[in-house]
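S.K.: Predicted model and sequence below, questions to follow.
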Amino acid sequence: MTVSATGASETVSKTRFSELTKMPDARGHFGPYGGRFVSETLSFALEELEQTYLSLRDDPDFQAEFDRDLAHFVGRPSPLYHAQRWSQALGGAQIWLKREDLNHTGAHKVNNTIGQALLAKKTGKPRVIAETGAGQHGVATATVAARLGLECDVYMGAADVERQKLNVYRMRLLGARVIPVESGTRTLKDAMNEALRDWVTNVDNTFYIIGTVAGPHPYPQLVRDFNAVVGREARRQSLEQIGRLPDALVACVGGGSNAIGLFYPFVEDDDVAMYGVEAGGDGIETGRHAAPLSSNAPRGVLHGNRTYLMSDEAGQVSDTHSISAGLDYPGVGPEHALWKDVGRVNYVAANDQDVLVAFRELTHMEGIMPALETAHALAYAKVLAPTMRADQHIVINLSGRGDKDIMTVAKIDGIEF
Amino acid sequence: MNRIDQRFSELKQQGRKALIPYITAGDPAPQYTVGFMHALVEAGADIIELGVPFSDPMADGPVIQKACERALKQGTRLVDLLDMVAEFRQTDTTTPVVLMGYLNPIERIGYETFADKAASVGVDGVLTVDMPPEEADVFGPLLKARDLAAIFLVAPTTSHARAATICAHGEGYLYYVSLKGVTGAATLNADDVAEHLAPLRGMTDLPLCVGFGIRDGATAAEVAKVADGVIVGSALVNRIAESADAPDTIADQLKHVLGDMRKAMDA
């Protein structure tokens, strides 16, 4: 398919995928995906947010403040670590881990919440809300809210409140209110519904900090931009430490924020292959998964954007299943949908079982305990690395640390605390 | 002439305001919906908004969320709604019917197939909550070509510039959302509504109908003074919820609630 770009295409395409860097268009579309499908009450707030963002994006003072916070509050740059022992065990490509787990709050999510909190501060709204699945985005939001003295309410599916107790308590310690959502499937999508309902009611004084590259325009764009620091660093570090760009990038995809963050700065590098790993749950063939791209789900509209969306023949959104609360979502960011269609990224899935094996393997062999979300990327790397030569290199976004998942894994091992 | 335009022109001649009830189709079960529609007409409904149940009704409060859940549990699909409208039209050829819901069920059927089917069974308008005019550039013209009205929302937060765009694209009537918030949230303030409707009068000849926050005859009458139509949803759906296990009593209750509003508005 052809990709329509914003404005005149006066620039000569540098590479096969140069057009992709011009996304989204002025109305927030990524080809046929994205957009702003919201009820009218929110249109004004989204226009306001778009204007605020566009005016600050290229403002050197705003960028300097963002960079300063990332350096001194988050602890960036995060290291690019050569997992030599694991690479050797897999017997193929060299594996490098982009250590987002070492960020303050333990995941890539904080890059975005820092950015959006700065926007919230500029708009002068005293209250922020967020949706969360695994709780990482909720913790990252509660953290920046505490720092800026903003009131903070976090919506979380009741099922996720149960399976991520540690993060729930962390959010409460940080001064946030965690509101369990009992409607629907009691997971991330329902938390997002409820956050949207809150926002529509309190739009005058509330800034909605969306945690992934989905939602109505401009969220997919700004969440991508705030997370792209991951890929910019990884690109520079690859050149320094490997001496060239890597051969492949691997990241897990739920909504897709950590994957976009790593991939985006490499989009024009045709020789860098990219793999987005979705939640295969019990297996794509069982229907019990959360993998709209790799299962080739129909296109649909949910939470303000058009994308691949798991839904039944009547257009009702499907129940999803994943061992990881953070990937348990029926849709995916619209930019990923486009990247699938144009063939820039290969989207694959990893099953719960393989994810647990990868979780344990990295913990044992490298002393790094990954989040279960992240372990999806590792599970696919286990498949990919042995098909490559020892002088080839894979960079994996180690998007979050696994402390929050200890209870889940212990339960599987039959251990109760 | 589209039945909606026809109805508003009759009302104008009579000096009356439109009373527009909303119910979620398939609640508490699909076999009751057509009966409820006829009951609403008997009680004085001028137009019926028939809700398309959706798994993720983001703009709705708990009352309509639960109605969607009940309807979906009974397997109600958009294609079933179209059959309901066809059945309703066998005995009522004049009351306009507007389908109201979210975009995804329509996307799944396909815009063109849906528009064809809706027009053929006697639907008169379509209100898709999560599709503002900017995103309706494909769907809007398909509706228009079949004389189906594309109805849009205007909110208290809508800017002057956006309101002008919405007025330019809207057909049938404008649905003014009286409150920031979800359906069934609070009670509206009629003075505030009047203040917001005034500038819209300068932009369009479309009838201005007001929904969200209308609970009884008193609020309906108050809104009818400043608007061309009054839309009532949660107050009716509440009755359905309360009597979901005695569905045969619901039609009379709906008549009672809507009848009170009709009386108060016409007084």
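M.R.: The structure has been received and is ready for your questions. Residues are numbered from 1 along each chain as shown, chains lettered A, B, ... in the order given.
S.K.: What number of residues are in the vicinity of A:Ser318?
M.R.: 18 (other Cβ atoms under 10 Å in any protein chain shown). In this view, the C-beta of every residue, glycine as well, is placed from N, C-alpha and C.
S.K.: same check, this time on A:Arg16
M.R.: Here the number of neighbours of A:Arg16 (other Cβ under 10 Å) works out to 12.
S.K.: What separation is there between the residue nearest to it when sequence neighbours are not counted and chain B?
M.R.: Spatial nearest neighbour of A:Arg16, excluding adjacent residues (Cβ to Cβ, 6 or more residues apart in numbering or on different chains): A:Asp270 at 5.3 Å. Distance, A:Asp270 to chain B, by Cβ to the nearest Cβ, to the nearest Å: 33 Å.
S.K.: A:Asp270 and A:Ala248, how far apart?
M.R.: A:Asp270 is 13 Å from A:Ala248, where distance means Cβ to Cβ, to the nearest Å.
S.K.: Counting neighbours, go ahead and name the busier of the two.
M.R.: The neighbour comparison of A:Asp270 against A:Ala248 (other Cβ under 10 Å) goes to A:Ala248, with 21 against 13.
S.K.: For the strand or helix carrying A:Arg170, what is the distance to the chain centroid?
M.R.: A:Arg170 belongs to helix A:165-173 when assigned by DSSP states H and E. How far helix A:165-173 lies from its chain's middle: 20 Å, per Cα atoms, centre = their mean, to the nearest Å.
S.K.: how about the CA coordinates for it, as PDB?
M.R.: What follows is helix A:165-173, C-alpha atoms only, in PDB (Å, rounded to 0.1, in the frame of the first residue of the first chain):
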ATOM      1  CA  LYS A 165      -1.100  -5.900  44.500                       C
ATOM      2  CA  LEU A 166       2.400  -4.600  45.000                       C
ATOM      3  CA  ASN A 167       2.000  -1.800  42.500                       C
ATOM      4  CA  VAL A 168      -1.400  -0.900  43.900                       C
ATOM      5  CA  TYR A 169       0.200  -0.300  47.200                       C
ATOM      6  CA  ARG A 170       3.100   1.600  45.700                       C
ATOM      7  CA  MET A 171       0.600   4.000  44.100                       C
ATOM      8  CA  ARG A 172      -1.200   4.500  47.300                       C
ATOM      9  CA  LEU A 173       2.100   5.200  49.200                       C
END
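S.K.: State the mean pLDDT of it.
M.R.: Averaged across helix A:165-173, pLDDT comes to 95.
S.K.: give me the number of residues near A:Glu100?
M.R.: By other Cβ under 10 Å, 31 other residues sit near A:Glu100.
S.K.: for A:Asp190, same thing?
M.R.: Count around A:Asp190 with other Cβ under 10 Å applied: 24.
S.K.: and the residue nearest to A:Arg16, that's in a strand?
M.R.: No - with DSSP: H, G, I helix; E, B strand; the rest coil as the criterion, A:Asp270 is coil rather than part of a strand.
S.K.: thought B:Ala155 was touching B:Val177?
M.R.: Yes - here B:Ala155 reaches B:Val177: they are 4.6 Å apart, a contact under Cβ atoms under 8 Å.
S.K.: Would you mind confirming that A:Val277 makes contact with A:Gly254?
M.R.: No - assessed by Cβ under 8 Å, A:Val277 is found out of contact with A:Gly254, at 10.1 Å.
S.K.: Which pLDDT value belongs to residue 261?
M.R.: No chain in the question, so chain A it is. 98.
S.K.: Switch to chain B, please.
M.R.: pLDDT, B:Met261: 97.
S.K.: rewinding a little: any chance of the backbone angles for the residue nearest to A:Arg16?
M.R.: phi -50, psi -30 (degrees, to the nearest 10).
S.K.: How about the contacts made by it?
M.R.: A:15-17 (Cβ atoms under 8 Å, 6 or more residues apart in numbering or on different chains).
S.K.: quick one: which of those residues is nearest to B:Thr24?
M.R.: A:Phe17 (45.3 Å; Cβ to Cβ).
S.K.: hang on, the earlier thing: is it possible to get JSON lines of the contacts of A:Asp270 that adds secondary structure?
M.R.: As requested, those are exported to JSON lines (three-state DSSP):
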{"residue": "A:Thr15", "secondary structure": "coil"}
{"residue": "A:Arg16", "secondary structure": "coil"}
{"residue": "A:Phe17", "secondary structure": "coil"}
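S.K.: Which parts of the stretch 151-267 of chain B are helices?
M.R.: Secondary structure of the stretch 151-267 of chain B (DSSP state H, counting those that start in this stretch): helices at B:160-169, B:190-201, B:217-226, B:234-242, B:250-266.
S.K.: Next, format the ones you listed as CSV and append distance to B:Gln74 and mean neighbour count.
M.R.: Output for these, formatted as CSV (distance: least, Cβ to Cβ, whole Å; neighbours: other Cβ atoms under 10 Å in any protein chain shown):
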stretch, distance to B:Gln74, mean neighbour count
helix B:160-169, 34, 16
helix B:190-201, 35, 15
helix B:217-226, 30, 20
helix B:234-242, 13, 21
helix B:250-266, 14, 19
